[in-house]
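what shape does this take:
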Amino acid sequence: MDDFQKKNKKLASQAARAEEVWRRKLKKNAKKVKNRQKLKKKKNRSKIEQIRRSFKYKNLRLSTIQKAGGRCMLCGAYEESLIMHHLIMAKDDINKILNGKNVIAICKICHAEIHPWLRKAL
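The predicted model follows:
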């Protein structure tokens, strides 16, 4: 082997090592980003729970159900226990959780139609 081939081989092995280090760093950063996203979701969930326990939220719920007058705003059926439903989900936009224009009072059946995962509960 001449000097040129030795240098070329050495450079190739250095490049391979550098690429391996770069891939490890990339994986590490991807894990950090995922962890940050999980933390953000947890913080958002706790904020939503705090808001739902607040007086303003409970007042909004009662006023929405009173405005409906015991009728589901979707199907029109009379129902004793109506549910306050957010048109834009709280997890999608936390700022609209206390917005009166973003909520309607609906029955459990209509709520299960909107959210398929709730059908099992009926």
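
give me the residue at the spatial middle of the protein.
For the chain, the residue nearest the mean C-alpha position is K91 (4.6 Å; CA atoms, centre = their mean).

need phi/psi at that one.
Dihedral pair for K91: phi -70, psi -20, per degrees, to the nearest 10.

would you confirm that it contacts I48?
Yes - assessed by CB atoms under 8 Å, K91 is found in contact with I48 at 6.9 Å. The way it works is simple: take the backbone N, C-alpha and C, and place the C-beta from them, glycine included.

which intervals of the chain have sub-threshold pLDDT?
1-2, 4, 6-7, 41-44, 120-122 (pLDDT under 70).

mind jotting down where the helices sit in it?
Remark: helices assigned in the chain by DSSP state H are 3-53, 55-68, 108-114.

which residues are in contact with the second one?
It refers to helix 55-68. By CB atoms under 8 Å, 6 or more residues apart in numbering, the residues outside helix 55-68 that reach it are 51, 82, 84, 97-98, 100, 103-105.

go through these and flag which are in strands.
Under the assignment DSSP state E, the contacts of helix 55-68 contribute 84, 103-105 to strands.

got TSV for those residues, with distance to K34 too?
Formatted as TSV, the ones in strands among the contacts of helix 55-68 follow (distance: CB to CB, whole Å):
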residue	distance to K34
M84	33
V103	33
I104	35
A105	38
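
these two touch, right, K108 and A77?
No - counting by CB under 8 Å, K108 sits too far from A77 to count as a contact (10.3 Å).

how is this structure divided into domains?
Domain ranges of the chain: 1-53, 55-122, per automatic domain parsing.

if we can go back for a sec, most neighbours per residue, which of the helices of the chain?
Stretch with highest mean neighbour count among those: helix 108-114 (a mean of 16; mean count of other CB atoms under 10 Å).

what packs against that one?
Contacts defined by 3 or more CB pairs under 8 Å, 6 or more residues apart in numbering; DSSP states H and E place helix 108-114 against strand 83-86.

now the strand it packs on, how far from the centre of its chain.
Centroid separation for strand 83-86 versus its chain: 17 Å, with CA atoms, centre = their mean, to the nearest Å.
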